[in-house]
Structure formats: C-alpha cells, structure tokens
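1. Okay, here's the prediction I keep looking at, along with the sequence it came from:
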Number of protein chains: 2
Amino acid sequence: MTTTKKAPKYQKIKQYVLQGIASHNFIDGVPSENQLAEKFAVSRMTARRALDDLEREGSVERIPGKGTFVRRSGHYTQGFFRVRPFRKWAEDLGADLRTEVLESRVVDPPEEIAETLRYSGQMIRLCIINYLNDMPVRYAVRYLRADQCADILWENLAENSIHDILINKYRLPLTRISQCMTAVGLPENLSDLFGEKPGYPVFYFQRTVYSCESPVTYVEYFMRGDMAFKDTFTPMLEAGDFHPETS
Amino acid sequence: MTTTKKAPKYQKIKQYVLQGIASHNFIDGVPSENQLAEKFAVSRMTARRALDDLEREGSVERIPGKGTFVRRSGHYTQGFFRVRPFRKWAEDLGADLRTEVLESRVVDPPEEIAETLRYSGQMIRLCIINYLNDMPVRYAVRYLRADQCADILWENLAENSIHDILINKYRLPLTRISQCMTAVGLPENLSDLFGEKPGYPVFYFQRTVYSCESPVTYVEYFMRGDMAFKDTFTPMLEAGDFHPETS
DNA sequence: CAGTGGTCTAGACCACGTC
DNA sequence: ACGTGGTCTAGACCACTGC
C-alpha cells in the first residue's frame, strides 16, 4: 500500500541510487544519466526522471557538464520554536483529529537512535499518522526503550496521548525536550501517505524527550509545509533574543 | 540576470499559467497538457514539464483522469517560533555574513501590502539577500512607508541593521512583531539567486513589525530549508503550551 | 575532443474519471 | 468512447566541463 501500484521504472533507479549513496559508493559522483539508462535498459529520459526526483528531494546535486553528486547537508541553526500538542491544536481549530497507528513493534534500533537514547537494547518503534479533517498532516516515527515501557504496545495509541501514558502509567516525568526543525522535500516513501509528490515541501522535526536528564523517547516527524507557525510577541531585550539592536 | 540564459520554452508556459491563476482565470481548471502543447506549439512533454514545475512549487494540483487545478492553501496554525537576528546568528556561528541590496526604490504598494501596513501611499521596497560563508541563505523583500522613512534609501543597508536605523534615526520603537512561517517550494524567480532548483524546500516568512500598534514595516523572506531551528526547553505547564498532559 | 547535464520532439501505451 | 494525467521511448541539439 505504500508504494505506487504500477511500480514505474524510475522508482527502481531511485532506489538503486539511494542505496548506493547510503553505502557510501558514489562518493566521487553518481552514475551519469547515460550510464543509468544503459544499466537499467531504459531511455535516458527515464533515468533522468529518477535523478530529477532525487535532486528535488535534496539527495543529489547536478552540475552541468560535470556530473551528478551526492549532496551534503551542512546544518546551521537559526532560531527556535515551540510546537503545540497536536490534540490541543486540533481542539482550538475545531478540527477533526484522527490518529492511526501504522506500525507498533519491537525492533533493534538503528545506530544513531541507540546513541541518541544512550541505550543499545531493543526498542519499540511506533509509526503514526495524524489526520486533520481527513487530510494527512503529520507522519511520526517514534522510538522508546523496550525495557522502560514495553507494555505501551498494548495501549490504544490512536486515542491516548503517548506523553500521557509515559507520565501517568510509567511515572516518567518529562523534564526536557530538545528538538530541531528543518524544511525538506517529502521523501519518496511517504508520498502516497501524504497524497503529495516526492519533494513537496514539509517540515522535518527531530525531537528527543528526557526524563531527569535521561533520554526517554526519540521521535522524528514530517509535517505538511502549509501548516503555519504563527507568533506575535514583543521584542524586548531578553536573553540575546530578538531585540531592536540588531537586524 | 535573474532569468536563465537560454529561456527554455516551458518557462513561457509557466508564466502563462501563473498569470492566468493570478487573474483568477482557470478557476475551474488549468488548460490540459494537450491544450497547452497545442497553444504554445510544443510537444506534450514540454507542456508537461511546465506543469510539473508548477505542481512542485505548489501552484497547481493534478488529478489523474480529471485535470489540473489551481491549488488553494488552507492555512492552519501549529505553534510558534522565534527568529534570531541575522547578524547575531552569524556572529555566534563565527560565519561570514554578507548582505547585498538588490533593489531599493519607491513603489506603489500591492494591495495586500497597503492593507497590512494600513497605508495606501507610496512605499519603499527593499530587496535584500544575505549570504552566509558565501552561500545565499535568505532573500527578503521589505516594504516601508515612504512618508515615515524615505531617507532610508540613502543608508548603507548592507552594513547597518534596518531595525537599528528605524529605532535610532527615525525614533520608531518596535513594540510588536507578528509573523508566520510555512515551508514552501523555492519560487522559480529565486532559483538562480539561491542556486537551487525551483521547488527546493525553503522556509517562507511573513512578518509585520509595529511601533505602538501602528504597522511600520512588512517583510517577507525565503530561507534555505536546511537552516535548522533548534530548541531545548522544559515542558512546564505554562499557558496552554507544550506540556505533559497532551500529546 | 568526448562526456555531462538541459532541453525538446513526436510519437506510444496505460489507468483513471466522466459521460 | 473520450479526455485526462502518468509513464516511456529513441532519437535530437545545445552549453558546458575536462582533457
């Protein structure tokens, strides 16, 4: 259900290139359009279509006359933000909020997640999608330590807040939240879920939640780019923040 | 210098469609790929390329078997954020900040701007681009009331903060800032400026700055999507904000 | 010079929605 | 049955880069 029904040829090419990037091949350049076309026995336009997508999704960079290259990110940081709890937000809007649990199981965590949560044992992985008035607006992948809250697998996560459960059932006071937001193109594998093309602009969040300085859960999610963040405030001279002395 | 050097045919088609959208034609559907191909005497693939771009940039929506339609935005709001002053941000990074003024002149404001600033006289329009370590990261268009600060045209805006000037020279205390952020695809006309393809994910900000409840300046800007917003905070039960009771 | 990506053509078949 | 968008082909010319 996640992939397109007819499996276009350019999808296979995209997969091939993405895997190659992940395996750190292609460090001095992705195969050229002609090479890909030959390798997959397709026309150059089709190979090109695959690279077009990858470029729009930010995976590769093309330089005319030279070739196609893996893109590096280069993160700066630029400000801060707060995110309102999803349920509260929907309430205020008077909008209909629906939550679906797409996956809920025990996994061996990827290395970065193990590092982030400082725990290398098994984890619970939850994939959740939120709809607002039947429009998919947020897709979240969450990791929790299996030793801390294995029973969460049996909770009704579509109806109850995960934070509620962590606090009230597992007695984990949530004391700190650390998060990062960027704007990215919608990844290919979420295209169907959101009903948008790969590359559609979305917010990408990465959040770690701590209980008493110990990381409890990591969640990353993609949210439609047209979900607006709004703010009105008074620019007082507070803590090196937005204030009149500077631009 | 802003447009591509060879002026591809699909650009003209994009322009045509965008103008049609702005003129509120196409309310019941953009011309089909075949119609556009015939009208512009190009192959269908070329007309299609134009619509591909417009779709990725969020202007139109395609429905297989039905047609291509103008996209409506449908803004919700989702949280809030703060943006650090650009100069301060660059300082902290130890990065090299460069500012270029691309345009600086007196104009008759578009209607929305006149409404936002509650002033229908002439305005000063500033187009500014910021580079961080020689990478273009932010493009801003700013409007100011010509009757309030016409002389700002003669200031060295590349070196001095506009807010500084407003406060210190024009004695306009900035008392309130109201802003909105979404994620959008990079508009076509900024593609060259940023060195990214149209559709590249960027943050889009709209901000109105007030002095004593009177709007003083409106600025909108596009910022690279890989400029991260980061935040670490304690989720206390404050003013309906992020707190443990909810998701 | 050969190779790259950027654009373009004039066809084609398919799945889907409307009538 | 017809029009729509989605995919695909096998060519083509161009501008640019590197050698």
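-> It's in. Treat the numbers as computed from the prediction; the structure is a model and nothing was measured.

2. Spell out which parts of chain A neighbour DNA strand D.
-> Neighbours of DNA strand D within chain A, by CB under 7 Å from any atom of the strand: A:4, A:6, A:8-10, A:41-46, A:49, A:63-66. Backbone N, C-alpha and C define where each C-beta goes, glycine included.

3. Need the mean per-residue confidence for the stretch of helix or strand A:V101 belongs to.
-> Assigned by DSSP states H and E, A:V101 belongs to strand A:97-107. Mean pLDDT, strand A:97-107: 91.

4. what do you get for stretch A:198-215?
-> The average pLDDT within stretch A:198-215 is 86.

5. How about that stretch and DNA strand C, touching?
-> No. Residues of stretch A:198-215 are not located near DNA strand C by CB under 7 Å from any atom of the strand, the shortest gap being 14.9 Å.

6. need the contact list for A:V107.
-> Applying CB atoms under 8 Å, 6 or more residues apart in numbering or on different chains to A:V107 gives the contacts A:Q122, A:M123, A:I124, A:R125.

7. The first one - how many residues pack around it?
-> By that I understand A:Q122. 14 (other CB atoms under 10 Å in any protein chain shown).

8. Skipping adjacent residues, who's closest to it in space?
-> Leaving aside its chain neighbours, A:Q122 sits nearest to A:A146 (4.3 Å; criterion: CB to CB, 6 or more residues apart in numbering or on different chains).

9. The last one too?
-> For A:R125, ignoring the flanking residues on the chain, the nearest one in space by CB to CB, 6+ apart is A:V107 at 4.6 Å.

10. And the one you found, how far from A:S120?
-> From A:V107 over to A:S120 the distance is 12 Å, taken as CB to CB, to the nearest Å.

11. quick one on the thing from earlier: tell me the two of the contacts of A:V107 that are most distant?
-> By the measure CB to CB, A:Q122 and A:R125 form the most distant pair in the contacts of A:V107, at 9.7 Å.

12. Stretch A:95-104 and chain B in contact?
-> Yes. Stretch A:95-104 is in contact with chain B by CB under 8 Å from any CB of the partner chain, via A:A95.

13. follow-up on the earlier one: and the strand holding A:V101, which residues are buried?
-> For strand A:97-107, a neighbour-count test (16 or more other CB atoms under 10 Å in any protein chain shown) marks A:L97, A:T99, A:S104 as buried.

14. thinking the residue nearest to A:Q122 is in contact with A:R125, fair?
-> No. At 9.7 Å, A:A146 does not count as touching A:R125 under the criterion of CB atoms under 8 Å.

15. hey, what's in contact with both of the two?
-> A:V106.

16. just the CA coordinates of stretch A:25-33, formatted as PDB?
-> Listed next in PDB are the C-alpha coordinates belonging to stretch A:25-33 (Å, rounded to 0.1, in the frame of the first residue of the first chain):
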ATOM      1  CA  ASN A  25      29.500   4.400  -3.100                       C
ATOM      2  CA  PHE A  26      29.200   7.300  -5.500                       C
ATOM      3  CA  ILE A  27      31.500   9.500  -3.300                       C
ATOM      4  CA  ASP A  28      33.100  10.900  -6.400                       C
ATOM      5  CA  GLY A  29      29.900  11.100  -8.400                       C
ATOM      6  CA  VAL A  30      26.600   9.300  -9.000                       C
ATOM      7  CA  PRO A  31      26.500   7.300 -12.300                       C
ATOM      8  CA  SER A  32      25.600   9.600 -15.300                       C
ATOM      9  CA  GLU A  33      22.300   9.600 -16.900                       C
END
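
17. Show the average pLDDT along stretch A:60-69.
-> For stretch A:60-69, mean pLDDT is 88.

18. what are the bridge partners for A:P201, then?
-> On the basis of DSSP bridges, A:P201 is bridged to A:G185.

19. Does A:V216 belong to a helix, a strand or coil?
-> Put simply, A:V216 is strand when judged by DSSP: H, G, I helix; E, B strand; the rest coil.

20. Do you have the helices of chain A handy? List them.
-> Along chain A, the stretches classed as helices by DSSP state H are A:9-22, A:33-39, A:44-56, A:86-93, A:111-117, A:146-149, A:162-168, A:191-194.

21. rewinding a little: quickly list what's touching both of A:Q122 and A:R125.
-> Common neighbours of A:Q122 and A:R125, counting by CB under 8 Å, 6+ apart, are A:V106, A:V107, A:P109.

22. do you know how far the second one is from A:V219?
-> When CB to CB is applied, the distance between A:V107 and A:V219 equals 15 Å.

23. Tell me the residues of chain A that contact DNA strand C?
-> A:5-6, A:30, A:32-35, A:44-45, A:48, A:51, A:62-68.

24. burial measure for the residue in chain A positioned nearest to DNA strand C, as a count.
-> The nearest approach of chain A to DNA strand C comes at A:S32, 3.2 Å away (CB to the nearest atom of the strand). By other CB under 10 Å, 15 other residues sit near A:S32.

25. residues contacting the residue lying closest to it once chain neighbours are set aside?
-> Closest residue to A:S32 apart from its sequence neighbours, by CB to CB, 6+ apart: A:G67 at 6.0 Å. Contacts for A:G67 (CB under 8 Å, 6+ apart) come out as A:G29, A:V30, A:S32.

26. gap between A:G67 and B:G199?
-> According to CB to CB, A:G67 stands 21 Å off from B:G199.

27. go on, A:R62?
-> 14 Å.

28. The two: which is more packed in?
-> B:G199 (27 against 17).

29. and the more buried one, how far is that from B:I113?
-> Taken as CB to CB, the span from B:G199 to B:I113 is 26 Å.

30. Now for the closest residue to A:F40 other than its chain neighbours, how many residues are close by?
-> Spatial nearest neighbour of A:F40, excluding adjacent residues (CB to CB, 6+ apart): A:I13 at 5.5 Å. A:I13 has 24 neighbouring residues, counting by other CB under 10 Å.

31. Would you agree A:E213 is in contact with A:L174?
-> No. Counting by CB under 8 Å, A:E213 sits too far from A:L174 to count as a contact (11.7 Å).

32. higher neighbour count, the two?
-> More neighbours surround A:L174 than the other of A:E213 and A:L174, with 19 against 7 (other CB under 10 Å).

33. My guess is the more buried one contacts A:C212. True?
-> No. Under the criterion of CB under 8 Å, A:L174 makes no contact with A:C212, lying 9.4 Å away.

34. returning to what we had before: would you list the contacts of A:V107 in JSON lines and tack on pLDDT?
-> Shown next, in JSON lines, are the contacts of A:V107 (pLDDT from 0 to 100):
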{"residue": "A:Q122", "pLDDT": "94"}
{"residue": "A:M123", "pLDDT": "95"}
{"residue": "A:I124", "pLDDT": "95"}
{"residue": "A:R125", "pLDDT": "95"}
